[in-house]
Every structure is written in structure tokens, then in C-alpha cells.
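Participant: sequence plus predicted model, see below.
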Amino acid sequence: MTRLLALLARVEGFVAVTAYAVTCGLLLADVFSREVYAQSIWGAQKFAVFGTIIAGILGMSIAVGNNAHLRATFADRVLPWPWIERLGDLISAAIFATLAWYAADFVAEAIKFSDRAEVVNIPLWYFEVVFPYAFGSAGLRHLVFALQPAAKPSAAGEA
């Protein structure tokens, strides 16, 4: 299972970096085009927004996989039991599974109603599908961490 999580992290990282690179390229090209030719590149800003959304939501999943996400630590001293972290991972897995369910329903509704992106006139679900994926991926990671605590990397900033 840890090999699968490592593969997911590499693929997600590649997609996120590619999305940011495309976003930067589009925005730089658009600014250049406006300054030099006084003409904007059609759809560049809209696609840049979608690229940023994709990279950002995948970043959440990557952070969970690296145990680098934000975490409330106020109860660490109050609840010092060794199993409390596993319980937290189980709760997080349930929350992310619920989010993935609702995000999938949201994407299904976008498909059903043929929602389209303004300006570029492309079906929105092409870009929205990243939400159920990322939530599901984060939920899977938390479930694996709860069932196999050794698979969980040490928290960022700790050694």
C-alpha cells in the first residue's frame, strides 16, 4: 500500500507542477501579448484560474501524504494516548470520504445540467473532477495511516 501512496504522490506532484507551469506560462504570454500587441490571449486567464485550482487542491492531497498539512495540536498534551493519532486519522478519513462523496455528486450534477465555463465554453466537470479525486486520495491516505501507522511519514518540521 505504501508503494501505491508513493506512486500517487509522484503523479499528483507531476500534475500539480504541470498545472502551475501552464498557469504561469499562460499568464506571462497573456501579459506579453497585451503589452506588445495590445491584444489579450483568448481564454488564458480562465485556464490559468483552472490550473491554479487543480494545483491547489492536489497540493492539499500531497500535504496529507507528506504529513505536512495543518493540524490542531491543542489537545496533544491533554490526550497523550498512543492511539489518539490513529483515531484522528480515522476521523479525517471519514471527513474526506464524505467530502469526496459530495464532490462526486457535485460533478455529477454539473454533467447532468451541462454546466459550462464562461468565456471558454468548456464543460466545467473537466476541471471539477479534481475535487472528488483529491478528497478521496486524502481520505485513502488517512485510512492507510490509521491502519498502518508505520506508513505515516514524520510530521513536517519534526525529525
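Facilitator: Happy to help now that I have it. Treat the numbers as computed from the prediction; the structure is a model and nothing was measured.
Participant: which stretches of the protein have low pLDDT?
Facilitator: Within the chain, the stretches with pLDDT under 70 are 72-73, 75-76, 156-159.
Participant: and the helices in it?
Facilitator: 2-37, 44-65, 84-112, 125-128, 130-147 (DSSP state H).
Participant: now tell me what touches stretch 126-139 from outside.
Facilitator: For stretch 126-139, the external contacting residues (C-beta atoms under 8 Å, 6 or more residues apart in numbering) are 8, 12, 50, 53-54, 57-58, 60-61, 64-65, 92-97, 99-101, 103-104, 106-107, 110, 117. C-beta here means a position set from N, CA and C on the backbone, and glycine is covered the same way.
Participant: ok, now with 6 Å
Facilitator: Residues outside stretch 126-139 that contact it (C-beta atoms under 6 Å, 6 or more residues apart in numbering): 50, 54, 57-58, 61, 64, 93, 96-97, 99-100, 103-104, 107, 110.
Participant: sorry, back to before: deepest of the helices of the chain, which one?
Facilitator: Comparing the helices of the chain by mean neighbour count (mean count of other C-beta atoms under 10 Å), helix 130-147 ranks first with a mean of 22.
Participant: tell me what angle that helix forms with helix 44-65.
Facilitator: 10 degrees (axes from the mean of the first three to the mean of the last three C-alpha atoms, to 10 degrees).
Participant: between the helices of the chain, which one is nearest to A155?
Facilitator: Of all the helices of the chain, helix 84-112 sits nearest to A155, with 9.9 Å by C-beta to C-beta.
Participant: which elements pack onto that closest one?
Facilitator: Under the contact criterion of 3 or more C-beta pairs under 6 Å, 6 or more residues apart in numbering; DSSP states H and E, helix 84-112 touches helix 125-128, helix 130-147.
Participant: among those, which is nearest W81?
Facilitator: helix 130-147 (14.3 Å).
Participant: you'd agree I62 is up against F14?
Facilitator: No: with contact defined as C-beta atoms under 6 Å, I62 does not count as touching F14 (10.7 Å).
Participant: and of the contacts of stretch 126-139, the nearest to S33?
Facilitator: F50 (19.0 Å).
Participant: could I get stretch 105-121 in PDB with only the CA atoms?
Facilitator: Output of stretch 105-121 as PDB, limited to C-alpha atoms (Å, rounded to 0.1, in the frame of the first residue of the first chain):
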ATOM      1  CA  ASP A 105     -22.300  14.400  -6.500                       C
ATOM      2  CA  PHE A 106     -21.500  18.000  -7.400                       C
ATOM      3  CA  VAL A 107     -19.600  16.800 -10.500                       C
ATOM      4  CA  ALA A 108     -22.500  14.500 -11.500                       C
ATOM      5  CA  GLU A 109     -24.800  17.500 -11.200                       C
ATOM      6  CA  ALA A 110     -22.500  19.600 -13.400                       C
ATOM      7  CA  ILE A 111     -22.600  16.800 -16.000                       C
ATOM      8  CA  LYS A 112     -26.400  16.400 -15.700                       C
ATOM      9  CA  PHE A 113     -27.000  20.100 -16.200                       C
ATOM     10  CA  SER A 114     -24.300  20.600 -18.800                       C
ATOM     11  CA  ASP A 115     -22.600  23.300 -16.800                       C
ATOM     12  CA  ARG A 116     -20.000  25.100 -19.000                       C
ATOM     13  CA  ALA A 117     -17.200  27.500 -18.100                       C
ATOM     14  CA  GLU A 118     -17.800  31.100 -19.100                       C
ATOM     15  CA  VAL A 119     -15.700  32.600 -21.900                       C
ATOM     16  CA  VAL A 120     -14.100  29.300 -23.000                       C
ATOM     17  CA  ASN A 121     -17.400  27.300 -23.200                       C
END
